[in-house]
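[1] Sequence plus predicted model, see below.
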Amino acid sequence: MSLLQEKDQKYLKDEFAKTLTRPVKMVVFTQQFECDYCRETRMIAEEIAALSPKITLEVYDFVEKQDLATQYGVTQIPATVVLLGGDKPKDYGIHYYGVPAGYEFTSLIQDILMVGSGETGLSDAAKQWAASLTKPVHLQVFVTPTCPYCPPAVMLAHKLAMESDLIHADMVEAQEFPHLANKYNVMGVPRTVINENFHLEGAVPEAKLLDKIRQAIAN
């Protein structure tokens, strides 16, 4: 049974045909006996990939392909990586931990469109800042599928990751990874954790996130 309704499939087909000028690859990590939400994560990726010849999908067992998981920086499952495909693949450090369902399905689609078009839509100032970055930045955006304010926070983090090889950005579904939610004291979403020790609440403007990142890497 399809997870996507026929009208949604048609809309996405048209959108992909209109926007994707570059190949996009999704890599999903699951396991032989699929974990909670692993099946749904795989099925969502399969249905999206079937909507455009520009989108390819690779599915791997997290345990059997631990070397590949390490190469992509994947530490838990279910995980989805969105990267540039084709002859010269490019991993931007755009990760989803947990099923990209509910409002986060929108984030996944927007990431595919962003990678496939090659344009983040960030301001020139943000692009210049990202290009000049000299220290690594790890962004973890905690979300829930029912949070309407979470996708903008996820997308801003992923846009920055696409602009700099030093930025790695994860969407983390808080309910699926309670140990991480507890570790980072997530009481509400979205909550963006920066390099472990700094955080922001809510879907903040671009400038505010950049200011917080500057503070994090200065310490």
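    It's in.
[2] Please save the CA atoms from stretch 35-44 in CSV.
    Extracted C-alpha coordinates of stretch 35-44, given in CSV (Å, rounded to 0.1, in the frame of the first residue of the first chain):
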residue,chain,number,x,y,z
CYS,A,35,13.8,-1.3,13.8
ASP,A,36,10.9,0.8,14.9
TYR,A,37,10.2,3.3,12.0
CYS,A,38,12.9,1.7,9.8
ARG,A,39,10.2,0.2,7.5
GLU,A,40,8.4,3.5,7.2
THR,A,41,11.6,5.4,6.5
ARG,A,42,12.6,3.0,3.8
MET,A,43,9.1,3.0,2.2
ILE,A,44,9.0,6.8,2.1
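[3] Start the count at 58 instead of 1 going forward.
    Got it, the first residue is 58 from now on, which makes the last one we talked about stretch 92-101.
[4] Which positions within it qualify as buried?
    Under the neighbour-count criterion of 16 or more other Cβ atoms under 10 Å, stretch 92-101 has Tyr94, Cys95, Glu97, Thr98, Arg99, Met100, Ile101 buried. Where you see a C-beta, it was placed from the backbone N, CA and C, and this is true even at glycine.
[5] try stretch 60-67
    For stretch 60-67, a neighbour-count test (16+ other Cβ under 10 Å) marks Leu61 as buried.
[6] for stretch 200-207, same thing?
    Neighbour-count burial for stretch 200-207, counted by 16+ other Cβ under 10 Å, picks out Val200, Thr201, Pro202, Cys204, Cys207.
[7] before we move on, back to that, tell me which entries of the buried residues of stretch 92-101 lie within strands.
    The members of these all map outside strands under DSSP state E.
[8] mind putting these in CSV, pLDDT included?
    Formatted as CSV, those follow (pLDDT from 0 to 100):
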residue, pLDDT
Tyr94, 91
Cys95, 93
Glu97, 94
Thr98, 96
Arg99, 95
Met100, 95
Ile101, 96
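[9] Pick out the most distant pair among the buried residues of stretch 200-207.
    Pro202 and Cys207 (8.5 Å; Cβ to Cβ).
[10] Which of the buried residues of stretch 200-207 fall in helices?
    The helices, defined by DSSP state H, take in Cys207 from the buried residues of stretch 200-207.
[11] need the buried residues of stretch 200-207 in JSON lines with pLDDT and distance to Glu115, can you?
    Listed next are the buried residues of stretch 200-207 as JSON lines, based on pLDDT from 0 to 100; distance: Cβ to Cβ, whole Å:
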{"residue": "Val200", "pLDDT": "98", "distance to Glu115": "24"}
{"residue": "Thr201", "pLDDT": "97", "distance to Glu115": "27"}
{"residue": "Pro202", "pLDDT": "94", "distance to Glu115": "24"}
{"residue": "Cys204", "pLDDT": "96", "distance to Glu115": "29"}
{"residue": "Cys207", "pLDDT": "97", "distance to Glu115": "26"}
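[12] Among the buried residues of stretch 200-207, which one sits closest to Val116?
    Pro202 (21.4 Å).
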